[in-house]
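> give the three-dimensional model of this entry:
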Amino acid sequence: MTRARWPWAALPLLALGVAVTARHARRLPRRIPPPGPVLPLRDGPTHTLLSGPPAAPPLLLIHGSDGVTLDWPLCPLWPLLDGAYLIAPDRPGHGYTPARPGTPVTLELNVRRLTQLLDHLNVPQVTVLGHSYGAAVALALAARHPERVSALVLIAPLSHPARGLTRPLAFVPLVPGLEALLTRALLLPVGRVVARIEGRRAFHPYPVPPMWHTLMLAFSRRRAQVHALAGENRTLSRELAALQPHYPALTVPVTVLAGRQDRLSPPAQHADLLTRLLPDATQLDLPGGSHQLHWTHPHEVAGAVRAALGVASRSSGPPDA
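The predicted model follows:
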């Protein structure tokens, strides 16, 4: 085949990619329906998973970047949190919570949406469990609205600007031709490769749970979530640099859980620095821990949450080795 004819020969394959990608997005709500209500907040509809008695101590769970709230009920931590009223929203642009077109997904946007959610649910103050990017959101919420936060539990937090935090792929959606090619035609095969690579990094040194991988393939390979993830990644270092001076003024109790094998938010670049800056912080180091501690070390995370909530667990199970 001559070089001049190659682009024309590729058109049917690209058209097939567009059709299959669109079909994947349309079928997702039928394959994996939203398990919670979509609440009509001022900044937009917000899918939120609610579990437990509303009279119990409230716990706000904030998932990480390129994650969805369905990650929580699938992980082994979820049944260990039976003594709390669990409030787990899909963050803007993720899962079944849309982000308004043209609105950058930032820490500030997440904080605004969360305060609206707490107001809607009539929850004046809450303990917050944040994972990775969600931990950065939790810190920003405590910094901007300390009266709304009674305690923080941070899993593998992203807290400081660091080399490698911003990925080159985050800038691809800013290039119109590449954006269309990636998000409309090549997203499913490229997303499968990225999910495999990122999954191995996230769970290192543990195997990737099949349920997590299935969830990742289902939700992360959608155009809206790709844009949300890219926007978060482009702005995060700058936002963390602005947030960092507020850490010494955070007076709420904070528990920081750090997996020493974490390849996505290495403790030396984030958790260790954060704990030293916070006035009331306790750090729990897990020598063999990964980035996904709520999957690999659920009992340790649950113990930290129960201590923060001040409630006794009704669950019984051996601690993780």
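
> wait, a helix at G95?
No. Counting by DSSP: H, G, I helix; E, B strand; the rest coil, G95 is not part of a helix but coil.

> contacts only, for the nearest residue to it once chain neighbours are set aside.
Among residues not flanking G95 along the chain, V68 sits closest, at 3.6 Å (Cβ to Cβ, 6 or more residues apart in numbering). All C-beta spots, glycine's among them, are computed from the backbone N, C-alpha and C. Listed by Cβ atoms under 8 Å, 6 or more residues apart in numbering, the contact set of V68 reads D90, H94, G95, Y96, L215, F219.

> highest neighbour count among those?
G95 (30 neighbours; other Cβ atoms under 10 Å).

> phi, psi for D82 please.
phi -70, psi -10 (degrees, to the nearest 10).

> gap between it and P298?
13 Å (Cβ to Cβ, to the nearest Å).

> which of those two has more neighbours?
P298 (21 against 16).

> the more buried one and G36, how far apart?
In terms of Cβ to Cβ, P298 sits 21 Å off from G36.

> where does the protein dip in pLDDT?
Within the chain, the ranges that satisfy pLDDT under 70 run 1-25, 183-186, 311-321.

> show me where it has strands.
38-41, 44-51, 58-62, 85-89, 126-131, 149-155, 254-259, 281-286 (DSSP state E).

> turn those strands into TSV, columns for distance to E198 and mean neighbour count.
Listed next are those as TSV, based on distance: least, Cβ to Cβ, whole Å; neighbours: other Cβ atoms under 10 Å:
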stretch	distance to E198	mean neighbour count
strand 38-41	27	15
strand 44-51	23	20
strand 58-62	19	26
strand 85-89	21	23
strand 126-131	14	27
strand 149-155	17	26
strand 254-259	16	26
strand 281-286	21	17
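
> out of those strands, the one nearest R163 is which?
strand 254-259 (18.6 Å; Cβ to Cβ).

> what about R196, how many residues nearby?
Quick note: R196 (other Cβ under 10 Å) scores 14 neighbours.

> ah, wrong one, I meant L264
Count around L264 with other Cβ under 10 Å applied: 22.

> from R113, how far out is the nearest residue to it once chain neighbours are set aside?
Distance criterion Cβ to Cβ, 6+ apart; nearest residue to L264, sequence neighbours excluded, is H291 at 4.4 Å. Distance of H291 to R113, computed by Cβ to Cβ: 24 Å.

> one more: V38?
Taking Cβ to Cβ, one finds V38 at 13 Å from R113.

> shared neighbours of those two, which are they?
Joint contacts of V38 and R113 (Cβ under 8 Å, 6+ apart) are T46, T97.

> the residue nearest to L273 when sequence neighbours are not counted: how many residues sit nearby?
Distances taken as Cβ to Cβ, 6+ apart put H160 closest to L273, at 5.4 Å, once the chain neighbours are dropped. H160 has 21 neighbours, counted by other Cβ under 10 Å.

> could I get the contacting residues of H160?
Contacts of H160 (Cβ under 8 Å, 6+ apart): L240, Q244, Q269, H270, L273, L274.

> right, I'll call it a day here.
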